[in-house]
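J.: how would this look folded up:
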Amino acid sequence: MVGTNVRKLLLLVLLSAGAGALNGCVSLDGNYSIAPDGSADVTVELGVLKTLMELGQGEDPLAQVGEGLAEGKWQQEEFDRDQWHVFALKGHAGPGESLFTQQAEMAPQIGIRTHQFSTRYEFEAPTLTGPMPIQAGGEAEPAPAQAPQQDEEAATPELPTDVLENLASLMLGGSDFGMRFSVSLPGRITETSGELVAPNRAAWSFDLQSIAQPPGKLYAQSRLLNWESVARMATALGELGRYELAPRFVDGIERGVLPDPWTEAPLAQELRPELYVKLLEIMAALDSALGEQVTDGVMRNLGLHEAAVDAGRLARIHERVTSEEFAASVAAEVAGAVSSVLSAP
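T.: Residues are numbered from 1 along each chain as shown. Down below sits the predicted model:
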């Protein structure tokens, strides 16, 4: 029962192959961790219900794994945990190395890009391409018309009714069933398609019993500050008599709302402290009037985070947000907009 289809699903979690049908007897957990130097560690655990293993219906789902995985970079472990028999894979790749072969169809894409004040990390991987038929007693959902028929090797063997009922109870009533994946990136995650469970960690959780629409791609972006460049700017702000703006500058870079141009030589880039003073005063005024979340969207929509921000436009925005009536005017506009939304039929 844990043959070709489970192997395919495991490779999906490893992000190196596509997913087949899951017969409702496994739990999958995966974690991908990226270090600042670009090295990576991956842990994947596939749990098979011990009830099936004891009935002799289970086989080692990792026995045939090899396609898509780089040789010499993975280790296999096997152990029991509660009602599960766990097959685990652990992989490590150094900077510039890959955990997957060139033949891997769905390997993750990891991008590292150096900017003047930070290094940005991007993680992107495909996920399920469609609903997965699940069998936990009774008939399985029919496969899509265009899907090829499963071969005999992948077919689910017949099990006694009482065994199927016990399995269904475990799988439908337990929170362990499903697929969970997380990624840890250096610095602070600024954008993700998953749930932010820690400042540097995003997670996805799929209930394989009830997927109606395939989840979107796994995506996360983080920003790790370049403290040497940040210190240079803090010194320059201090020379203008604006030491108090240094912490706000750090916050703005981490939030991605200040210019942080791409460069291969961060410490050789020209500093423009006068420009950043205006940007930081705009950010402070917007934070006070709108809150950080709305401010971030406003500054990006205005292009104030772009390296080529127009000086004349910046000056006009700065003049408006630092005026005495700005906060009251914004409060009135927000109150009107919210009232309009809430009063709509």
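
J.: what about the helices in the chain?
T.: For the chain, helices defined by DSSP state H occupy the ranges 4-13, 50-54, 161-173, 227-239, 246-255, 273-290, 292-301, 311-321, 326-343.

J.: could you dump these to CSV with distance to Ser205?
T.: Using the backbone N, CA and C atoms, a C-beta is placed for each residue, glycine as well. Conversion of these to CSV gives the following (distance: least, Cβ to Cβ, whole Å):
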stretch, distance to Ser205
helix 4-13, 12
helix 50-54, 23
helix 161-173, 15
helix 227-239, 34
helix 246-255, 26
helix 273-290, 32
helix 292-301, 24
helix 311-321, 41
helix 326-343, 31
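
J.: right, so of those helices, which gets closest to Lys73?
T.: Lys73 lies closest, by Cβ to Cβ, to one member of the helices of the chain: helix 4-13, at 15.1 Å.

J.: so what's the closest residue to Gln269 other than its chain neighbours up against?
T.: Closest residue in space to Gln269, ignoring its immediate chain neighbours: Gln116 at 4.7 Å, by Cβ to Cβ, 6 or more residues apart in numbering. Residues near Gln116 by Cβ atoms under 8 Å, 6 or more residues apart in numbering: Asn226, Ser229, Asp260, Pro261, Trp262, Thr263, Pro266, Gln269.

J.: For Ser329, see how far away the nearest residue to the fourth one once chain neighbours are set aside is.
T.: With Cβ to Cβ, 6+ apart as the measure, Ala307 is the residue that lies nearest to Pro261, at 3.7 Å, once sequence neighbours are left out. Relative to Ser329, Ala307 is positioned 30 Å away (criterion: Cβ to Cβ, to the nearest Å).

J.: next one: Leu99
T.: Using Cβ to Cβ, Leu99 is found at 54 Å from Ser329.

J.: Same drill for these two, tell me which one is more crowded.
T.: Set side by side, Leu99 and Ser329 show more neighbours around Leu99, with 22 against 13, by other Cβ atoms under 10 Å.

J.: would you turn the contacts of Gln116 into a markdown table with pLDDT and neighbour count?
T.: Below are the contacts of Gln116 laid out as a markdown table (pLDDT from 0 to 100; neighbours: other Cβ atoms under 10 Å):
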| residue | pLDDT | neighbour count |
| --- | --- | --- |
| Asn226 | 96 | 19 |
| Ser229 | 96 | 21 |
| Asp260 | 96 | 22 |
| Pro261 | 95 | 13 |
| Trp262 | 94 | 11 |
| Thr263 | 94 | 16 |
| Pro266 | 94 | 20 |
| Gln269 | 92 | 16 |
